[in-house]
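Asker: Got a predicted structure here, sequence first:
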Amino acid sequence: MACRISELVIDATDPGRLAAFWSEVLGYAELGRDEDGSIEIGPPGAGFGGPQPTLILSPTGDPRPAKLRLHIDVSPTDQDQDAELRRLLALGAEPVDIGQTGDESWHVLADPEGNEFCLLRTRIQPV
């Protein structure tokens, strides 16, 4: 037996803003909202249990700790890394310096709430 990742939960001071950002980045759609203000987004037509994990943006008032111990890596699907970087920056991502040397093949970015993620070079097929 084995497990697979079905959901990733991200604490957010503004779940709606992050849901909109990550929906645009990943081509996801809103799947539902809970009474506590959590918003679940995922692949349109697939949702929870589909081939890709869903994201749950969970409201919190707690300040974000230092550098995250876990981050998301994304890969372009329909254009090269440079074009995808321009798209992500236009959506509100910002470059982040976490000690890179400058020789990396990836870009370290932050979402609108400062959560780091990496844009990899390798282009992959969409699911």
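Answerer: Good, I have the coordinates.
Asker: give me the low-pLDDT residue ranges for the chain?
Answerer: 1, 127 (pLDDT under 70).
Asker: Going along the chain, name the helices of it.
Answerer: 15-26, 81-91 (DSSP state H).
Asker: what's the domain layout of this protein?
Answerer: 1-61, 70-127 (automatic domain parsing).
Asker: which one of those domains has the most crowded surroundings?
Answerer: domain 1-61 (a mean of 15; mean count of other Cβ atoms under 10 Å). All C-beta atoms are positioned from the backbone trio N, CA, C, and that covers glycine.
Asker: From the chain's centroid, how far away is that one?
Answerer: Relative to its parent chain, domain 1-61 has a centroid offset of 9 Å by Cα atoms, centre = their mean, to the nearest Å.
Asker: Leaving out the residues flanking it, which one is nearest to the residue nearest the centre of the chain?
Answerer: For the chain, the residue nearest the mean C-alpha position is residue 22 (5.1 Å; Cα atoms, centre = their mean). Once flanking residues are discounted, residue 22 sits nearest to residue 55: 5.6 Å by Cβ to Cβ, 6 or more residues apart in numbering.
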